[in-house]
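In: Any chance you could fold what I've pasted below:
(one chain, ligands or ions: 1)
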Amino acid sequence: MPKPHVFIAYTGGTIGMKQSPTGYIPVAGYLAQRMEAMPEFQRDEMPTYTIHEYDPLLDSANMTPVEWGKIAADVVAHYDEYDGFIIIHGTDTMAYTASALSFMLESLGKPVILTGSQIPLAEVRSDARENLITAMLLAGQFRIPEVCIYMNGRLLRGNRARKVSGMGFDAFASPNFPVLGQVGVQIEVNRSLLLPASPFPCRLQGVRPQIHLASLRLFPGISAELVRRVVAPPLQGLVLETYGAGNAPSDNIPLLDALAEANERGVIIVNCTQCLYGGVEMDDYATGHALKEAGVISGYDMTPEAAVAKLYYLLSRDWTAERVKRLMATELRGELTRKREV
Ligand code: ASP
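Out: Down below sits the predicted model:
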């Protein structure tokens, strides 16, 4: 059996950073040098790897849909040459990139695993070594036809993941979907949860960075005027982060009118809950139903990160508003669960 070969797309993040007078910064070439110098990455049990380093390396706070496009295009361009793909990425916006890649990589049949670390690889207490080694084993030896995040012993579906800790090694959680794999003495992948592998060639579905999106978190006292300004042209899509089961201040008629008028103009407004667990049920409360009446569509239990990425993906397709709304509420890549059919 030939050794598995994994493609490592190195985009940046803490993992390869060095201390500078202004704090941690990514340094070109440094991660590859460190990995070469570490015997564990060269061992027989490890897959062979090829690193593709992006220029410039980014703190993931600087990631945009332009970079999502470059990463997705590189995976598709090298798809047939490798057994699996690792995306080394900062943790701050990793959940957005993982969600975006899950939509952009159509008919995926191989693992695409994002990983990073909370402490740089070069430091003594770094979590990077284990994250990288296990992500490489997962990408090289397992048939996981999904975009995933691997951090701290857990493999998560990428479009279900959220960054929940800025300090802990357990930076990510998957509140509304079970973990896909658990790593202890054994690497255990729960096959019954994985999406089916596509028999078709993987295809790139690009996103247009020019799509005008906003996400808006409701808070007590939010003004209708603020909402009206947010949804004004040229906005095309809005992720509205609401209370509880998808509720909003239904007594604030001007606010509901602003949303209804935006909906009439074709703005896609998606309701995601501010809660970490559970989803949107707009028929549970009158305060949720009011949003439905205004034309807001349910994001069910989708993460706000996945909703943003999905809006980019769907609004880049030149489809009608009706079609975008229908697909927004349809599970495309395992990103949502509809409890009740409507
Ligand atoms: N600010 C860093 C980034 O997202 C944090 C990390 O990598 O963990 O690039």
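In: which residues touch the residue in the stretch 101-250 of the chain positioned nearest to the ligand?
Out: Shortest the stretch 101-250 of the chain-to-the ligand distance, computed as CB to the nearest ligand atom: residue-wise this is Gly116, at 4.9 Å. For the C-beta atoms, the positions are set from N, CA and C on the backbone; glycine is no exception. Residues touching Gly116, when contacts are defined by CB atoms under 8 Å, 6 or more residues apart in numbering, comprise 13-15, 60, 88-91, 94, 128, 131, 151.
In: same deal with Ile211?
Out: With contact set as CB under 8 Å, 6+ apart, Ile211 has these partners: 65, 236-237, 311-312, 315-316.
In: Likewise for Tyr312?
Out: Neighbour list for Tyr312: 65, 100, 103, 207-208, 211, 213 [criterion: CB under 8 Å, 6+ apart].
In: measure His289 to the ligand for me?
Out: Using CB to the nearest ligand atom, to the nearest Å, one obtains 39 Å as the distance from His289 to the ligand.
In: returning to what we had before: state the distance from the residue of the stretch 101-250 of the chain closest to the ligand to Asp283.
Out: Gly116 is 40 Å from Asp283, where distance means CB to CB, to the nearest Å.
In: go on, Phe7?
Out: In this structure, Phe7 and Asp283 are 46 Å apart, going by CB to CB.
In: Please apply the same query to Gly69.
Out: Applying CB to CB, one obtains 38 Å for the distance of Gly69 from Asp283.
In: so what strands line up beside the strand ranked longest in the chain?
Out: Counting residues, the longest strand in the chain under DSSP state E turns out to be strand 48-58. If you go by DSSP bridges, strand 48-58 pairs up with strand 5-12 (parallel).
In: filter the contacts of Gly116 down to the ones near the ligand?
Out: 13-14, 60, 90-91 (CB under 6 Å from any ligand atom).
In: Got the confidence number for the residue nearest to Leu58 when sequence neighbours are not counted?
Out: Nearest residue to Leu58 in three dimensions, chain neighbours excluded: Gly12, at 3.9 Å (CB to CB, 6 or more residues apart in numbering). For Gly12, the model assigns a pLDDT of 97.
In: Going by neighbour count, list what's buried in stretch 202-219.
Out: If you call a residue buried by 16 or more other CB atoms under 10 Å, then stretch 202-219 has these buried ones: 202, 207, 211, 213-216, 218.
In: then it to PDB, C-alphas only?
Out: The C-alpha coordinates for stretch 202-219 follow below in PDB (Å, rounded to 0.1, in the frame of the first residue of the first chain):
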ATOM      1  CA  CYS A 202     -15.700  17.400  -6.700                       C
ATOM      2  CA  ARG A 203     -16.700  20.700  -8.200                       C
ATOM      3  CA  LEU A 204     -16.100  24.300  -7.100                       C
ATOM      4  CA  GLN A 205     -19.100  26.500  -6.500                       C
ATOM      5  CA  GLY A 206     -17.600  29.900  -6.100                       C
ATOM      6  CA  VAL A 207     -19.000  32.700  -4.000                       C
ATOM      7  CA  ARG A 208     -19.100  36.400  -5.000                       C
ATOM      8  CA  PRO A 209     -17.300  38.500  -2.400                       C
ATOM      9  CA  GLN A 210     -19.400  41.500  -3.500                       C
ATOM     10  CA  ILE A 211     -22.700  40.000  -2.100                       C
ATOM     11  CA  HIS A 212     -24.000  42.500   0.400                       C
ATOM     12  CA  LEU A 213     -24.800  40.700   3.700                       C
ATOM     13  CA  ALA A 214     -25.300  41.800   7.300                       C
ATOM     14  CA  SER A 215     -25.800  40.000  10.500                       C
ATOM     15  CA  LEU A 216     -27.700  41.700  13.300                       C
ATOM     16  CA  ARG A 217     -28.100  40.600  16.900                       C
ATOM     17  CA  LEU A 218     -31.300  41.800  18.500                       C
ATOM     18  CA  PHE A 219     -31.100  43.400  21.900                       C
END
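In: I'm done for today, thanks for sticking with me.
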